[in-house]
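> Build the 3D model from these lines:
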Amino acid sequence: MNVRSERDSMGQMQVPADAYYGAQTARAVENFPISGLRFGRQFIAAMGLVKWAAAQVNLDLRLLDEQRVKLIQQAAEEVMTGKLDDQFVVDIFQTGSGTSTNMNANEVIAGRANEIATGRRGGREPVHPNDHVNMQQSSNDVIPTAMHVSAAVAMRQSLRPALEHLAGVLDEKARRFDDIVKIGRTHLQDATPIRVGQELSGYAHQARLGAMRVETAIRALRELPLGGTAVGTGINSHPEFARRAIALIAQKSGIEFVEAQNHFEAQAAKDGIVEASGQLRTIAISLTKIANDIRWLASGPRCGLGELSIPATQPGSSIMPGKVNPVMCEMLLMAAAQTIGNDAVVAFAGSGLGSTFELNVMMPVMAHNILQSIELLSRAARVFADRCAAGIDVNRQRCQELVEQSLAMCTSLAPKIGYDKAAEIAKESFKSGRTVREVAREMRLMSEEELQRLLDPARMTQPQADMVGSGGG
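Sure thing, here's the model as predicted:
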């Protein structure tokens, strides 16, 4: 491999000749051969945006000359658009402040800027990674700023639209099947009837509430710590730097970011990330409810509940011909499980074990986990919507049969004949294997017309204005 020599404050290092990064990145690669996990597209883009905005403010404050700023911003834009992603080579499990990744970004931007200026990549002239690209910044405020920016942008651009899409698909199915009555279930036992549309509308609203929770999570991330530099005091930073840079970040990202009200809280704690991750956990739990219910309702197809049918997407067994499994439901359940596990890591990292005195020292793993959760939920919810929910159909005959066989049908008789008499009908129905309708008819407790009215399944799916008092008759 062709190499070149780069230096930092600790001396010389050999780096690949075609690399834009320099000595500090190379040291980090040597020091942290841990997982093979790297920061993804959203985080790298956020790093580029922070460096772009910082350079602009440094120009406006007359701290950097126009030529250097032009070079830095051109390289930072390439970072933002993904042209230099392969240059971000530091493992997630590294220095807890993310200093290695901040320097990776500084060196890549400086190395590319110098190539634009001189034709030779790398080096420290005319653009220096610390003195120019990192001017008025510290890893301790840049990394948490990039965490907030990347997570908020990813949620706004990917997760919220995916959840709204899923809600729309389920809403359409709810409207389409609202005339079909099925049996409800509580405690895994038969309960009173419910319309298929009502059941599906619950799932749709869960997804819609998930989209609302995304906005709550974004609000938790609006305050950015940029400008606090090392410990929150803003040492080596102009009083106007943070406000101006954050205004540019907000403008270019489309998110209403603001400067942290208290820079000491913003750098010493990561409560905003913990809160946002908690919202993702709630969304994941909502999706498990939807996926698990649908796979159970579609179980069978002949020896299970079999009330719903879902699309057959692939063969389900290597040994059982014709078997088809609810693989999209299972995929969504696994994505949700991973999100819940990711949240546990974020909570652990955000606690006193990670946040000590003036700095959190588990930021890289927090950033990786919350961004992975956003990506998993976004992709999984959209694929589930398109390849499962959109193809849901209902077995009308099966729904009707199960409703008629249910012992819970006697519930609508209780206001007329009393709880105890209705329970007697249910017990006899179960003992004899006959339906509630057949047993009640035999007992001659009311007219046939009233019996048919009270045992109308559709009537049971909404409040009844003509209901008589419980225990009457």
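> Count residues in the vicinity of K323, would you?
11 (other C-beta atoms under 10 Å). Any C-beta I mention is one placed from the backbone N, CA and C, and that applies to glycine too.
> Name the SS class of it, please.
Put simply, K323 is coil when judged by DSSP: H, G, I helix; E, B strand; the rest coil.
> Now do it against G210, distance only.
Separation of K323 from G210 (C-beta to C-beta, to the nearest Å): 32 Å.
> same deal with V361?
32 Å.
> who's more crowded, the two?
The residue with more neighbours, out of V361 and G210, is G210; 27 against 16, by other C-beta under 10 Å.
> Settle this for me: the more buried one is touching R281, isn't it.
No: at 11.2 Å, G210 does not count as touching R281 under the criterion of C-beta atoms under 8 Å.
> and I183, helix, strand or coil?
The three-state label given to I183 by three-state DSSP is strand.
> thought it was touching A191?
Yes: the pair I183 / A191 is scored as a contact, 7.1 Å apart, by C-beta under 8 Å.
> These two: which has the busier surroundings?
I183 (22 against 15).
> so who does the more buried one touch?
190-191, 193-194, 399, 402-403, 406, 408 (C-beta atoms under 8 Å, 6 or more residues apart in numbering).
> the strands in the stretch 151-300 of the chain, which residues?
181-186, 189-195, 223-224, 258-259 (DSSP state E, counting those that start in this stretch).
> how about the ones you listed, which one is nearest E428?
strand 189-195 (15.8 Å; C-beta to C-beta).
> Determine the angle, from 0 to 180 degrees, between the closest one and strand 181-186.
Angle between the axes of strand 189-195 and strand 181-186 is 140 degrees (criterion: axes from the mean of the first three to the mean of the last three C-alpha atoms, to 10 degrees).
> which sections of the chain are below the confidence cut-off?
Along the chain, the model assigns pLDDT under 70 to residues 467-473.
> per the record, what domains does it have?
3-135, 141-223+269-396, 406-461 (automatic domain parsing).
> and the end-to-end length of the second one?
From its first residue to its last, domain 141-223+269-396 covers 59 Å (C-alpha to C-alpha, to the nearest Å).
> Could you do the shortest one as well?
Across domain 406-461, the terminal residues are separated by 14 Å (C-alpha to C-alpha).
> and that domain, how far out from the chain's middle?
46 Å (C-alpha atoms, centre = their mean, to the nearest Å).
> Stretch 233-242 now?
Centre-to-centre, stretch 233-242 and its host chain are 34 Å apart (C-alpha atoms, centre = their mean).
> Would you mark the buried spots in it?
The neighbour-count check on stretch 233-242 (16 or more other C-beta atoms under 10 Å) flags 234, 237-238, 241-242 as buried.
> can you check stretch 158-178 too?
Within stretch 158-178, the residues that count as buried by 16+ other C-beta under 10 Å are 158-171, 173-174, 177-178.
> Outside of it itself, list whatever touches it.
By C-beta under 8 Å, 6+ apart, stretch 158-178 touches 195-198, 200-201, 203-205, 207-208, 210-211, 214-215, 283, 290, 374-375, 377-379, 381-382, 384-386, 389-390, 392, 394.
> Give me the subset of the residues you listed lying in helices.
Those of the contacts of stretch 158-178 mapping onto helices are 196-198, 200-201, 203-205, 207-208, 210-211, 214-215, 283, 290, 374-375, 377-379, 381-382, 384-386, per DSSP state H.
> Now list the buried members of those.
Buried among these (16+ other C-beta under 10 Å): 196-198, 200-201, 203-204, 207-208, 210-211, 214, 283, 290, 374-375, 377-378, 381-382, 384-385.
> Disregarding flanking residues, what is the spatial nearest neighbour of G306?
Computed as C-beta to C-beta, 6 or more residues apart in numbering, the closest residue to G306 that is not its neighbour in sequence is G300, at 3.8 Å.
> What is the burial count for the one you found?
14.
> do the same with the one 4 residues further on
G304 has 12 neighbouring residues, counting by other C-beta under 10 Å.
> Could you pull up phi and psi at it?
Phi and psi for G304, reported as degrees, to the nearest 10, are phi -120, psi -150.
> And it, how close does it get to W296?
8 Å.
> R112: what's it in contact with?
20, 74-75, 78, 84, 121.
> Ignoring the adjacent residues along the chain, who's closest to the residue nearest in space to the middle of the chain?
Central residue of the chain (C-alpha atoms, centre = their mean): I374, 3.4 Å from the mean position. By the measure of C-beta to C-beta, 6+ apart, the closest residue to I374 outside its immediate chain neighbours is A154, 4.5 Å from it.
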